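1. what follows is a predicted structure for the sequence shown.
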Amino acid sequence: MPLNRRDFMKLGLGACLLPAVGCSRAEAVVSEEMYVFGTLVGVDVLSRDTKAARAAIAEVSHAFTRQNRDWHAWKPGALGDLNRAIAAGRAHEVDPDLLPLLREVRELARASGGLFNPAIGKLVGLWGFHHDEMPVGAPPHARAVAELVAAAPSMDDLEFDGARVSSRNPQVQIDLGGHAKGVALNRALDRLAALGHGNALVNLGGNLAVSGTRGDRPWRIGVRHPQGDGAIASLEVSGRMAVVTSGTYERYRQDGDRRYPHIIDPRSGQPATHVVSATVLHPDAARADVAATALVVAGTEAWPEVARSLGVRDVMIVDEAGRVQLTPGIAAKVQFVEPPASVKTVEIA
Ligand code: AMP
Ligand code: MG
């Protein structure tokens with residue numbers, strides 16, 4: 001496809017000045033959007049070959065559709081099969097694609113001190129977040145919540161015998177909602193790079209990962225404002241880097257004028273409310289995804305300790321009052337759209 005003027009303008013590229021030696025096609029950003037993982041997904045690839053870029057994006061998009069099915073906690077698919085087996089007290093031969101996720105997420109859950117706990121699928125379901133639609137009405141009965149908290153489901157209840165997985169605790173229900181998008185981002189960038197597209201941006205509903213650059217400049221990323229429309233900040237990233245945000249605004253249970261957000265503190269069984277958004281920058285999108293969710297649970301005081309033990313250093317936290325805390329690494333990159341209520345820099349030792 002020939003480049004139009006706008007593409008040149010967008011990339012800030014000049015016209016080819018070397019007609020005598022043959023003008024190779026200039027790079028342009030090829031973009032596609034799709035709806036997967038219950039959210040809008042965008043893929044941008046910088047390429048000289050629009051057709052090849054579109055074919056690569058189509059491949060990545062098919063992989064997203066497969067992953068959404070196979071890594072979904074309660075829909076029919078590989079993870080749903082494992083969860084049904086666990087509930088029935090049976091061992092189950094886990095799909096080879098899913099197995100490494102379970103091992104990886106178990107390590108990350110341990111590193112989070114249990115604040116990230118993908119074994120609490122039953123609690124997530126009790127609060128009504130096991131539907132594509134957002135739940136409405138009164139919260140679940142305190143007794144039902146307390147019983148599930150007391151059952152203490154954990155990834156450490158799982159026993160691995162090769163690909164055969166069983167659980168000592170039938171209350172375990174694995175929900176990879178806080179991790180799988182990060183894995184999908186990593187795999188998408190790996191696949192695009194393997195197909196020769198090492199300059200790309202993948203956006204899974206506000207969770208982003210980039211590789212390379214956007215031509216002669218970095219990729220520019222917006223971080224959604226947790227308490228309003230639009231962006232709270234933007235930042236520029238290049239090379240292999242993920243920028244993942246978890247927020248209590250994303251999904252919630254509405255009961256009259258009260259909102260119960262979708263990230264649950266496994267210690268209480270109650271939604272986490274003090275941190276309204278946590279943004280994490282890390283080259284590994286899966287770690288960033290887990291960390292962002294864990295830091296919302298950790299809260300406004302404990303998050304630096306949890307970030308440290310999860311091995312993430314670039315973090316931005318927004319609390320209920322719109323106050324921002326951030327680490328020096330992210331402070332150097334971020335530009336606020338409007339000045340926040342307050343900004344505090346916090347070192348992660
Ligand atoms: P995220 O959007 O990445 O923050 O992930 C949130 C999703 O992870 C929720 O919709 C639940 O499916 C699941 N989840 C909720 N609370 C936790 C938790 N404490 N640990 C792990 N996963 C959780
Ligand atoms: Mg997450």
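-> Now that the structure is in, tell me what you want to look at. Ligands and ions are numbered 1, 2, ... in the order given.
2. low pLDDT regions in the stretch 201-349 of the chain?
-> Regions of the stretch 201-349 of the chain meeting the criterion pLDDT under 70 are absent.
3. smallest distance to ligand 1 belongs to which residue of the stretch 151-300 of the chain?
-> Sorted by distance to ligand 1 under C-beta to the nearest ligand atom, the residues of the stretch 151-300 of the chain start with residue 177, at 2.7 Å. Just so you know, the C-beta spots here come from the backbone N, C-alpha and C atoms, and that holds for glycine as well.
4. ok, that residue touching residue 73?
-> Yes - counting by C-beta atoms under 8 Å, residue 177 touches residue 73, with 6.7 Å between them.
5. now do the shared contacts for those two.
-> Common neighbours of residue 177 and residue 73 (criterion: C-beta atoms under 8 Å, 6 or more residues apart in numbering): residue 124.
6. can you name the element that comes right after the lengthiest helix in the chain?
-> Criterion DSSP state H: the longest helix present in the chain is helix 285-310. Proceeding C-terminally, helix 285-310 gives way to strand 314-319 as the next helix or strand, assigned by DSSP states H and E.
7. quick one on the thing from earlier: now the residue of the stretch 151-300 of the chain closest to ligand 1: how far from residue 250?
-> According to C-beta to C-beta, to the nearest Å, residue 177 and residue 250 sit 11 Å apart.
8. more neighbours: which of those two?
-> Remark: of residue 177 and residue 250, residue 177 carries more neighbours, 22 against 17, as counted by other C-beta atoms under 10 Å.
9. mind listing what that one touches?
-> The contact partners of residue 177, taken as C-beta under 8 Å, 6+ apart, are 73, 118, 124, 129.
10. does it lie in a helix or a strand, and which?
-> Residue 177 belongs to no helix or strand, assigned by DSSP H and E.
11. with adjacent residues omitted, what lies nearest to the closest residue to ligand 2 within the stretch 1-150 of the chain?
-> Per C-beta to the ion, residue 116 is where the stretch 1-150 of the chain lies closest to ligand 2, at 7.8 Å. Leaving aside its chain neighbours, residue 116 sits nearest to residue 294 (4.0 Å; criterion: C-beta to C-beta, 6 or more residues apart in numbering).
12. please apply the same query to residue 167.
-> residue 86 (4.4 Å).
13. identify the residues contacting the helix or strand encompassing that neighbour?
-> Using DSSP H and E, residue 86 sits in helix 78-87. Here helix 78-87 makes contact (C-beta under 8 Å, 6+ apart) with 70-74, 91-92, 94-95, 97-98, 121, 165-167, 170, 172-174, 176.
14. ok, now stretch 88-106?
-> Counting by C-beta under 8 Å, 6+ apart, 70-71, 78-79, 81-82, 85-86, 118, 155-156, 158, 160-161, 163-166, 170, 174, 176, 179-180, 183, 286, 290 sit against stretch 88-106.
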